[in-house]
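Student: What follows is a predicted protein model with its sequence.
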Amino acid sequence: MTKHYCNKEVEIQQIKDDVGYIRKAISGNGEPGLTHEVLRNTKFRHQAMASLALIKWLLAFSVGSFLVSVFNFII
């Protein structure tokens, strides 16, 4: 005798399997998951933005120093 499954039971089981797969993909299941990738990307962006801000500040400082030296040279 074979077991009879209702179509709704099969659909619910498929949804349960899909949700389990999604949870494993997000958490990583022993590997770097999506949350790890997002954190790594965020850290990279913050470092890049900090480096860009430092470069802008150094460039502004060097241009200012150059202008002051040119002004002093003229005087």
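Tutor: Happy to help now that I have it.

Student: Now the phi/psi pair for the residue nearest to residue 33 when sequence neighbours are not counted, please.
Tutor: By the measure of Cβ to Cβ, 6 or more residues apart in numbering, the closest residue to residue 33 outside its immediate chain neighbours is residue 27, 5.0 Å from it. Where C-beta positions appear, they are placed from N, C-alpha and C, glycine not excepted. Recorded main-chain torsions at residue 27 are phi -80, psi -20, according to degrees, to the nearest 10.

Student: How many neighbouring residues does residue 27 have?
Tutor: A count of neighbours around residue 27, defined by other Cβ atoms under 10 Å, yields 13.

Student: wouldn't it be in contact with residue 36 here?
Tutor: No: look at residue 27 against residue 36 with Cβ atoms under 8 Å: they stay out of range, at 9.1 Å.

Student: Buried ones in the helix or strand of the chain with the lowest mean pLDDT, by neighbour count?
Tutor: Counting by mean pLDDT, DSSP states H and E, the weakest-scoring helix or strand in the chain turns out to be helix 7-27, with a mean of 84. Residues of helix 7-27 include none that count as buried (16 or more other Cβ atoms under 10 Å).

Student: For residue 32, I want the exact helix or strand it lies within.
Tutor: Here residue 32, judged by DSSP states H and E, is contained in no helix and no strand.

Student: Need the pLDDT of it.
Tutor: Note on residue 32: pLDDT of 74.

Student: quick one, phi psi at it?
Tutor: According to degrees, to the nearest 10, residue 32 has phi -60, psi 120.

Student: Tell me how many other residues crowd it.
Tutor: 10.
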